[in-house]
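S.K.: Next come a sequence and a model predicted from it.
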Amino acid sequence: MADAKILATIERSETEHLQISLSEYKGTSYLNMRIFFTNDGGATWIPTKKGVTFTAEQLDILTEAIEEAKQELMAEAE
């Protein structure tokens with residue numbers, strides 16, 4: 001993977017979004033969740049230091065936590 005493969009973008013405001021992507025560093029693939037910002041109306045998005053990176057081995061833990069959170073949030077919404 002030479003360039004990051006963007007999986008999803010979640011808008012947080014007009015000038016900020018969360019980008020979820022796959023990338024590779026030193027031969028290891030990672031899932032990245034990083035906040036990007038723009039100051040030119042969205043023509044250019046710049047990554048911030050605010051973000052997290054997960055290895056493949058950590059994805060099961062992340063998936064379980066997201067599923068648990070989803071179930072609890074959906075139950076609260078009912």
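M.R.: Perfect, I can see it now. Numbering: from 1, shown residues only.
S.K.: Show the low-confidence segments of the protein, by residue range.
M.R.: Applying pLDDT under 70 to the chain flags residues 1-2.
S.K.: could you redo the last one with a cut-off of 90?
M.R.: 1-4, 42, 76-78 (pLDDT under 90).
S.K.: Would you map the strands across the protein?
M.R.: Counting by DSSP state E, the chain has strands at residues 5-13, 16-25, 28-37, 46-55.
S.K.: Out of these, which is closest to Glu68?
M.R.: Each of the strands of the chain has some distance to Glu68 by CB to CB; the shortest is strand 46-55, at 16.6 Å. C-beta: built from backbone N, CA, C; applies to glycine.
S.K.: so what strands line up beside the closest one?
M.R.: Paired with strand 46-55 in the same sheet, following DSSP bridges, are strand 28-37 (antiparallel).
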